[in-house]
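Q: Any chance you could fold what I've pasted below:
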Amino acid sequence: MKYINRQIAIAGALMLMLGATSSCKKETEATTTEIQLSLPSQISLRYGETQEIKLPKDLAANTGLTFSFDFSQTQEVNLGNGSKLSDKLNQAIKFDSEKQSIQINSSLLYPNNARSSNARIPDNYTITLIAKEPHGAIVGKESFSLKITAGSIGIKGLKNDDGLPYSYVLYSDQTTDFEIDPLQLPTAGTSFHLTTKIGEENIASIVGSHIRLSKDAGDPAKKTEQSFELTPELRKDGFPIAATTFRIILVPQIKFLFGRYYPDLNLTIDFSLIHIGLSNGYVSQAPTLYPEKYKSTFELVSIQKDGNAYADTEKLFSINAQTGVVTVKKSENLKAGSYKVTVKALTTTGLEFVTPLTLAMSEG
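A: Sure thing, here's the model as predicted:
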């Protein structure tokens, strides 16, 4: 009987010990959820942007807390030269103890899903913030997802058409240089690369931050308008981090003159010197602009008499903005001499051309 009672006593003691252990375990587990860090579940940034995530104000009063990050839920990537993605995460994501906030600098990372020749960046970054008390106990742990998309670069001086920058280029001016604008993105440790469509690999080349067209781009006969798109990329460690696409439109040489142009013969007849009576007035023929589909508007730029600037105070000279026809009013105040009228054509391509019309006025 004493033996049985002893067994019962031992069993009771064991149960008390197990209960105490279980209670301690529950208390320990409870401490890990005491603090709510209130982090957003997901953050989206464009490459080059920064963001600050502030912790709840009541945490600032708890000066004994320390914060650290765990990036183990983000797939590790070997970036080359002994560098790893986790190293970049440690540089890009910091905790500011004075501001009690998380500081994120996306320009120290890479756009998600970006690919180099040897590796791929994961679809997102998972960051876990850990809060600890002075004695090392974890009192808070929360994770959030960070998504970085590719940044933007530009091309200096281009126009925009429905969001796609473009430029008209004459076949005769294929040395046109396009300069890439990094749009304030940091470029240290980066380089520009040019991607083209299949079959268009030899259209252009890139040197530094400049793109130059090939002399063989477009129509071999240089008579037919052709367009194509180029996509320069900014790369870091072999990963594309920013890009833009723009359109180049090659157009044949535009002829602009007072006269006639016969494209099938490539023959030009010049009517830019006209002899007229001094006081009879004059209405010119419309100038020729070829190809005609590029015709837009015309302006009278300047007038010279015998090589010197002529002040047309009476507004005797005028131009029809739609046709380019030059009109001289009949006036007794005009003096004999050579009047050179310079006319500008503004084309639908944005290119501008000038041509002279000289009116030799004499008595008769």
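
Q: Ends of stretch 168-180, what's the gap?
A: Counting by C-alpha to C-alpha, to the nearest Å, you get 17 Å between the two ends of stretch 168-180.

Q: Report the rounded mean pLDDT for that stretch.
A: Mean pLDDT, stretch 168-180: 85.

Q: Residue 45: which element?
A: Using DSSP states H and E, residue 45 sits within strand 42-46.

Q: Check the offset of the helix or strand residue 248 falls within from the chain's centre.
A: According to DSSP H and E, residue 248 maps onto strand 246-251. Relative to its chain's centre, strand 246-251 lies at 17 Å (C-alpha atoms, centre = their mean, to the nearest Å).

Q: average model confidence for that strand?
A: On average, the pLDDT along strand 246-251 is 90.

Q: Okay, now the sheet partners of the following helix or strand past that strand, with direction.
A: Following strand 246-251 in sequence order, the next helix or strand is strand 255-257 (DSSP H and E). Note on strand 255-257: by DSSP bridges, its sheet partners are strand 288-290 (antiparallel).

Q: how far away is residue 255 from residue 217?
A: Counting by C-beta to C-beta, to the nearest Å, the gap from residue 255 to residue 217 is 22 Å. Yep, even glycine has a C-beta here, placed from its N, CA and C like the rest.

Q: Same check on residue 192?
A: With C-beta to C-beta as the criterion, residue 192 and residue 217 are 19 Å apart.

Q: Okay, buried residues for the strand or helix carrying residue 345 please.
A: Using DSSP H and E, residue 345 sits in strand 337-346. By neighbour count on 16 or more other C-beta atoms under 10 Å, the buried set for strand 337-346 is 337, 339, 340, 341, 343, 344, 345, 346.

Q: Assign residue 89 to helix, strand or coil.
A: Using DSSP: H, G, I helix; E, B strand; the rest coil, the structure places residue 89 in helix.

Q: Confirm residue 129 sits in a strand?
A: Yes - assigned with three-state DSSP, residue 129 falls within a strand.

Q: what's the next secondary structure element after the helix or strand hosting residue 229?
A: In this assignment (DSSP H and E), residue 229 forms part of strand 226-236. Downstream of strand 226-236, the first helix or strand assigned by DSSP H and E is strand 239-243.

Q: Packing partners of that following strand?
A: The helices and strands touching strand 239-243, judged by 3 or more C-beta pairs under 8 Å, 6 or more residues apart in numbering; DSSP states H and E, are strand 151-152, strand 190-195, strand 226-236.

Q: And the contacts of it?
A: Under the criterion C-beta atoms under 8 Å, 6 or more residues apart in numbering, residues 47-48, 110-111, 114-116, 121, 150-153, 182-183, 185, 190, 193, 195, 231-235 lie in contact with strand 239-243.

Q: what are the C-alpha coordinates of it, in PDB please?
A: Extracted C-alpha coordinates of strand 239-243, given in PDB (Å, rounded to 0.1, in the frame of the first residue of the first chain):
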ATOM      1  CA  PHE A 239      20.600  43.000 -64.600                       C
ATOM      2  CA  PRO A 240      18.400  45.500 -66.400                       C
ATOM      3  CA  ILE A 241      17.300  48.100 -63.900                       C
ATOM      4  CA  ALA A 242      15.700  50.800 -66.100                       C
ATOM      5  CA  ALA A 243      14.800  51.100 -69.800                       C
END
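
Q: all helices of the stretch 251-364 of the chain, in order?
A: Assigned by DSSP state H, counting those that start in this stretch, the stretch 251-364 of the chain shows no helices.

Q: Strands of the stretch 251-364 of the chain, start to end?
A: Using DSSP state E, counting those that start in this stretch, the strands of the stretch 251-364 of the chain run over residues 255-257, 259-262, 267-270, 273-277, 282-283, 288-290, 297-305, 308-309, 317-319, 326-328, 337-346, 352-362.

Q: re earlier: adjacent strands (with direction) for the strand holding residue 229?
A: Looking at strand 226-236 with DSSP bridges, its partner strands are strand 190-195 (antiparallel), strand 239-243 (antiparallel), strand 246-251 (antiparallel).

Q: Mind checking these for the one nearest to residue 271?
A: For these, proximity to residue 271 was assessed by C-beta to C-beta; strand 246-251 is nearest, at 24.7 Å.

Q: buried ones in the closest one?
A: Neighbour-count burial for strand 246-251, with 16+ other C-beta under 10 Å as criterion, is recorded at 246, 248, 250, 251.
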